[in-house]
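**Q** sharing a model that was predicted from the sequence below.
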Amino acid sequence: MTPLQTTPMRAATSNTLPRFTLPGLSCDAHFHVFEPGYNHVPDPLYTFPDGTLDQYLRLADWLGVERMVLVQPTFYGTDNTLLLDVLRKVGPHCRGVVRIEDSVSDAQLDRFHEAGVRAIRLDLFARATWPADELIAYIRAMALRAGRRGWHLQFYTPGAVVKTLLPFLTELEHPFVIDHMGYGMDLDGLLPLLAGGHCYLKLSAPYRLKTDVEPLARALVEARPDRLLWGSDWPHLPDGQRDTGALLNLLADWAPAPEDRHQILVEAPGRLFYEQ
């Protein structure tokens, strides 16, 4: 397949091939899709992005990604219509992470499961001012609903909120994933979470962090490669000005051992998304 060319559809572009051969069943554990004709929240944080399903699938093929996880973005709020349409179109090698209202019915969650959903995304940025006890009660309630279906939780959250919840999270008896390398958490905060318990961490969106991520990523891989996932965060909001292949190649630097990359790209996402 020839490389995708640089066009006005900037989000679909990847000018760089991986420096390593991705193992079979490699998974991009975090991407988004935007299509015209679907309702978005009244005041989105960004303008309508350029990132269609067709663009993403061509990019995944170019990179050698065989499995993928569509994560509901803030742009569409808790209206998961597009996510469900994508899951139907792509089939079982694509899984979904939904955002839900507290009042969603069990019947709807069961329909989500049949469609390929395997996690609930908790937007703790929107709840960053909540007292810790209210956050804990909310997380427990969502964990209960997810656990009945073998799902996990995904935290879209400021690092400061995770630090506040560390004593609770280290004891949480439910699998959960923290997006985007902890969003500013340092190694001293992340390692206790990964050391035991049920925490996973996404090696995704390093460009969202203000610090040098390479030492952090290398230390995480050395400590718990079995608790890490890789995600492209495509189409790289808010501006789409990223080369996804170059981002994937960071994993070659962070996890130079093929067996570690296999855990990150295949085994960890397999446990969370494909064994239920």
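**A** Okay, I see it.

**Q** mind checking the SS state of Leu135?
**A** Following DSSP: H, G, I helix; E, B strand; the rest coil, the label given to Leu135 is helix.

**Q** pLDDT score assigned to it?
**A** pLDDT for Leu135: 95.

**Q** ok, Gly231 next?
**A** Looking at Gly231, its pLDDT reads 98.

**Q** ok, Leu265 next?
**A** As predicted, Leu265 sits at a pLDDT of 98.

**Q** please apply the same query to His152.
**A** His152 is assigned 98 on the pLDDT scale.

**Q** now it. Nearest residue, chain neighbours left out?
**A** Pro175 (4.0 Å; CB to CB, 6 or more residues apart in numbering). C-beta here means a position set from N, CA and C on the backbone, and glycine is covered the same way.

**Q** where does that neighbour fall, phi/psi-wise?
**A** With angles defined as degrees, to the nearest 10, Pro175 sits at phi -70, psi 140.

**Q** pLDDT at it, what is it?
**A** The model's pLDDT for Pro175 equals 97.

**Q** what is the neighbour count of it?
**A** 21 (other CB atoms under 10 Å).

**Q** could you measure from it over to Gly150?
**A** Per CB to CB, to the nearest Å, Pro175 is found 9 Å from Gly150.

**Q** and Asp239, what does it touch?
**A** Listed by CB atoms under 8 Å, 6 or more residues apart in numbering, the contact set of Asp239 is empty.

**Q** now it. Its backbone dihedrals?
**A** Backbone torsions for Asp239, taken as degrees, to the nearest 10, come to phi -110, psi -10.

**Q** read off the pLDDT value for it.
**A** 79.

**Q** go on, Met1?
**A** 30.

**Q** Met9 now?
**A** 37.

**Q** circling back to that earlier point, ok, the residue nearest to His152 touching Leu193?
**A** No. Look at Pro175 against Leu193 with CB atoms under 8 Å: they stay out of range, at 12.0 Å.

**Q** between those two, what contacts are shared?
**A** In contact with both Pro175 and Leu193: Cys199, using CB under 8 Å, 6+ apart.

**Q** so where is this protein shaky, pLDDT-wise?
**A** Scanning the chain for pLDDT under 70 picks out 1-13.

**Q** still on that earlier bit, quick one, what contacts the residue nearest to His152?
**A** If you count contacts by CB under 8 Å, 6+ apart, Pro175 has them with 152-153, 198-200, 272.

**Q** phi, psi for the spatially most central residue of the chain please.
**A** Residue closest to the mean C-alpha point of the chain, counted by CA atoms, centre = their mean, is His30 at 3.4 Å. When read as degrees, to the nearest 10, the backbone of His30 gives phi -160, psi 100.

**Q** so what's Gly189 closest to, chain neighbours aside?
**A** Lys163 (5.6 Å).
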